[in-house]
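Participant: below is the sequence, then the predicted model.
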Amino acid sequence: MLDLTQLNDEQKKAVRLTDGSIIIFAGAGSGKTRVITYRIAHMIENGVNPFNILAITFTNKASKEMKDRIFELTDYSSNIWVSTFHSFCARILRIEAEHLGYSGNFSIYDSDDSDRALKNCIKELDINDKNFPAKSVRFKIGQFKDELRSPKAVLENAFDIREETIGKIYEHYQKKLLTSNAMDFDDLIYKTVEVLKKNPEILNKYQERFKYIMVDEYQDTSKAQYMLVKLLADKYKNICVVGDDDQSIYGWRGADVKNILRFSEDFQNTTTIKLEQNYRSTKNILGVATNVIKNNYNRKEKVLWTENNEGEPVKINKTNRDIDEADFVSANIKRLIREENYSLKDIAILYRTNAQSRLLEDSLIKNAIPYRLFGGVRFYERREIKDVLAYLSVISNPKDEVSLMRIINVPKRGIGDATVKKVSQIGMLNDISFFEVLQNEEYSKSFGSKAKSLREFYELTAKLIQSSKVMPVDELLKLILNETGYTQSLIEEDPLNLDGRIDNIDEFVNKAYQYTLDNVDGSLEEFLQEISLIADIDNYKDGDDAVSLMTIHTSKGLEFPCVFLTGMEEGIFPTYRATIGETADDLEEERRLFYVAITRARKEIYLSSSLSRLQRGQINYNAISRFVREIPEEYTSDNMAKIKSMLKDEARTQKQKINLKADNYSKLVTPKNITLDFEVGDTVMQKKYGEGVVKEISPAGKDYEVSVYFEEHGTKKFMALLSKLKKV
DNA sequence: CGTAGTTTTGTTTTT
DNA sequence: CAAAACTACG
């Protein structure tokens, strides 16, 4: 019998209410995960078949943990489908691929692969890639997919000529993906919705299967994800979503807070439950979090409270240089270990951008403090790993053009751009894939002197495909590394293994081996899928005794006794873009991010900032973050008064020296010894874009930032010194 | 045609 | 400070 005595009244209510539509507003640290797992356990105990339960989590790590916890409570877990949106969709699509003209072994493209495919599309359509950079086109296409708009729909209602062009690229890109038998991240959701919408019998199958649906972190679902949930839940209407609008931090990725705010309008007879008691943090920490977040205009009013004690005041520190900030963190970590009895794994260092990790790492290494770094250049995104992965992808799905292009001349085989172009033209003319051109010997005459290299490459790949059918992934991997000479080429490139690429390759082989142990009959496809949907945090293990370093985004859902929040500076956190934004939305999301960061901590928080910071090669002087200013003094350590007066001075200096918007106090230092030979209104010459009109000049560190309007390209920003603007 | 060196450009956050 | 884009050489 499930023991509910540990739960508070609201939690019990949420657990017991298994049917109908329910929304749970769960404040930070309110025992949300516990409620979800108990709820599922309770359902099973009351006769719900585990087979009929679907639970969507935000990360693979969260889904693994949830499965473990449910298993502890009920002895069930294998039948319950617990996964992220992306994994869930990938799994459905493997089964239903044929209905979309795909086959089940489709590749999943990450953003890097998508960009490569897009670049090719843009080139093939003869569109100026300067005006349509792959990255921004990908972003826009992602938005279309999230709004469930097909290429056709986009082209039909194109808002302007630019949108029409992007529509054309979108159309071509989808064709290319289909011939490559590949899907990008957004496709996973979009295509799943498509297949369910177009095929009522398939929809019915999954509605019957998933009679009970739960979605965690609902505040971070996108429109398309919302549609998916709505479709699945439409028949039985047993839907429970859990979230916190104050923790919505993925707006830039299409997450729509409105999904959570509007839930009760979308589903009839919704029960609303609020979990407002915090079990995680001290009163001081909670005080900081709630007092800052209440400055947001766009939110549901709520009162978080805790029975925990006051705890330590929140510590605020400011150093002169960024290096000193890192040393401040290291020194305090040592003190916490030595004097306060914390262990390394109790401590996290958080920051806004990955680039900030470097200095922190240097200092930790210098002080011999073990650490684990999450994020940054992800393991599976490293060049050497992506190369090897591309081999695996081609073996699994020879139509995968992006992967094929990646490896065709790696290691060097004398097959350059010109040859590749020739092959792909033949492919397009005959409407066959790149690989099929290589396969068919009748085309080899067209390749002249390169025919031999191409043939050799084809035979190598064909051989590897044969081998893949009879050997486990790790063996196949070793075979690839030997047969292609890839390892050899890495050794030649860097004989002393200075950049550790060989080590990474070894680690990858180990991971593959581990995979074969964990999944005895796991296929190559499944291995690839698992890798492509892996998140940084999924590798987090509780056991390692080391300090954790990660971005605030990555830290979502975790908790640590001690948290260092670094780089509390205007222009960094909140990020520069949010400080100049026209609308308050970006700034509010930054504030929610601050809220998330603070509520990760259980006992101690250190907020640090630095007067000067090296950013992309130049020293910048940033003011202390506005979020620090928003903290009431009562929650902070004694030096707050000192800091406060420092802040006041800063603000005053700002007003005197710089004539900027009232709420922008991010730059302290005005340029010295620089005079510009132009002013606002003048026409200037820029190397890349030609002539344009100066719209705004603002000081930025030692340089000036100049906004210039170009008739054809719109407004661009330049650093005056760096870009050598000339008056015309 | 393919590569190696040089110049330019740019920054959030990630499934 | 790097990665990416461009240019000149063999």
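Facilitator: Thanks, I have the structure now.

Participant: if you count neighbours, what's buried in the strand or helix carrying residue A:288?
Facilitator: Secondary structure assignment for residue A:288, by DSSP states H and E: helix A:283-293. For helix A:283-293, the neighbour count (16 or more other C-beta atoms under 10 Å) marks A:283-290, A:292-293 as buried. C-beta here means a position set from N, CA and C on the backbone, and glycine is covered the same way.

Participant: show me which residues of the stretch 151-300 of chain A are close to DNA strand B?
Facilitator: A:185, A:249, A:252-253 (C-beta under 7 Å from any atom of the strand).

Participant: could you list the residues in contact with the helix holding residue A:288?
Facilitator: The contact list for helix A:283-293, computed with C-beta atoms under 8 Å, 6 or more residues apart in numbering, reads A:28, A:246, A:278, A:281, A:299, A:303-306, A:308-314, A:591-592, A:594-595, A:598-599, A:601-603, A:605, A:627, A:630-632, A:634-636.

Participant: picking that back up, go through the buried residues of helix A:283-293 and name the one nearest residue A:208.
Facilitator: Taking C-beta to C-beta as the measure, residue A:208 lies nearest residue A:293 of the buried residues of helix A:283-293, at 41.6 Å.

Participant: pLDDT on the helix holding residue A:288, on average?
Facilitator: Taken as a whole, helix A:283-293 has an average pLDDT of 93.

Participant: CA-only coordinates of that helix, as PDB, when you get a sec.
Facilitator: This file holds the C-alpha atoms of helix A:283-293, laid out as PDB (Å, rounded to 0.1, in the frame of the first residue of the first chain):
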ATOM      1  CA  LYS A 283      14.000  31.400   4.000                       C
ATOM      2  CA  ASN A 284      16.700  33.800   2.900                       C
ATOM      3  CA  ILE A 285      17.100  32.000  -0.400                       C
ATOM      4  CA  LEU A 286      13.400  31.900  -1.000                       C
ATOM      5  CA  GLY A 287      13.200  35.600   0.000                       C
ATOM      6  CA  VAL A 288      15.700  36.600  -2.700                       C
ATOM      7  CA  ALA A 289      13.900  34.500  -5.300                       C
ATOM      8  CA  THR A 290      10.400  35.600  -4.700                       C
ATOM      9  CA  ASN A 291      11.300  39.300  -4.200                       C
ATOM     10  CA  VAL A 292      13.100  39.400  -7.500                       C
ATOM     11  CA  ILE A 293      10.600  37.500  -9.600                       C
END
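
Participant: quick one: distance of that helix to the chain centre.
Facilitator: 27 Å (C-alpha atoms, centre = their mean, to the nearest Å).

Participant: next helix or strand past it?
Facilitator: Downstream of helix A:283-293, the first helix or strand assigned by DSSP H and E is strand A:305-306.

Participant: what kind of secondary structure is the closest residue to residue A:680 other than its chain neighbours in?
Facilitator: Nearest residue to residue A:680 in three dimensions, chain neighbours excluded: residue A:694, at 5.3 Å (C-beta to C-beta, 6 or more residues apart in numbering). State at residue A:694, reduced to three classes by DSSP: H, G, I helix; E, B strand; the rest coil: strand.

Participant: how far away is residue A:694 from DNA strand C?
Facilitator: Separation of residue A:694 from DNA strand C (C-beta to the nearest atom of the strand, to the nearest Å) stands at 23 Å.

Participant: same check on residue A:242?
Facilitator: Distance of residue A:242 to DNA strand C, given as C-beta to the nearest atom of the strand: 38 Å.

Participant: over in chain A, which residue gets nearest DNA strand C? Let me know.
Facilitator: residue A:617 (2.8 Å; C-beta to the nearest atom of the strand).

Participant: emit the PyMOL select command for whichever of the contacts of helix A:283-293 are buried.
Facilitator: The buried residues among the contacts of helix A:283-293 can be selected in PyMOL (16+ other C-beta under 10 Å) with this line:
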select buried, chain A and resi 28+246+278+281+299+304+306+308+311+313+314+591+592+594+595+598+599+601+602+603+605+627+631+635+636
